[in-house]
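Participant: Have a look; sequence and predicted model below, questions after that.
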Amino acid sequence: MRLLQLGLLLALASDDKVKLSDDDLNALLSLRSGLQKCVNANGLGVQALTGGYYCQVKIQFPSDTVPKWKDPKSRQLEGLSYDFKICEAVASWEQVWNSTTIFTREFIDALPNGWEEYAWQRINKGVLL
């Protein structure tokens, strides 16, 4: 998984100048396919359309959708499609996940019995034996 994350960050930073390994590319295409299936199945008519670029997915509202939101500056109605960049989402998730892990470790270390109490509660689900 670390290799995939590194590959995604390189692909994101290089604007497609770096080639991903076959394993990383297959993992990314699998993630994109899973996202597409999930949105199409659960999106209430919203569709996820994939193009040639492996980091790109277009989220498209149904054609009969009436736009309601206006841009406050231009006063134009917002579009009914959104370009979603999977590589950026994974990179952002990785940053948040790492910061959450660090926070959690600091929190647990600050507990009176630290890891021992936390591990005991996790293993036993807080049930007294």
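Facilitator: Yep, it's here. Numbering: from 1, shown residues only.
Participant: now the helices for the protein?
Facilitator: Applying DSSP state H to the chain gives helices spanning 2-14, 22-42, 86-109, 114-124.
Participant: Identify, out of these, the most deeply packed stretch.
Facilitator: helix 2-14 (a mean of 16; mean count of other C-beta atoms under 10 Å). Using the backbone N, CA and C atoms, a C-beta is placed for each residue, glycine as well.
Participant: Check the average confidence over that one, would you?
Facilitator: For helix 2-14, mean pLDDT is 54.
Participant: likewise stretch 83-101?
Facilitator: So the average pLDDT for stretch 83-101 ends up being 81.
Participant: hang on, the earlier thing: the helices of the chain into a markdown table, with extra columns for distance to residue 75?
Facilitator: As requested, the helices of the chain are exported to a markdown table (distance: least, C-beta to C-beta, whole Å):
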| stretch | distance to residue 75 |
| --- | --- |
| helix 2-14 | 34 |
| helix 22-42 | 30 |
| helix 86-109 | 29 |
| helix 114-124 | 54 |
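Participant: nearest to residue 48, of those?
Facilitator: helix 22-42 (3.9 Å; C-beta to C-beta).
Participant: just the angle between that closest one and helix 86-109, please?
Facilitator: Inter-element angle recorded for helix 22-42 and helix 86-109: 90 degrees (by axes from the mean of the first three to the mean of the last three C-alpha atoms, to 10 degrees).
Participant: Report all helices and strands that helix 22-42 contacts.
Facilitator: helix 2-14, strand 47-50, strand 56-60, helix 86-109 (3 or more C-beta pairs under 8 Å, 6 or more residues apart in numbering; DSSP states H and E).
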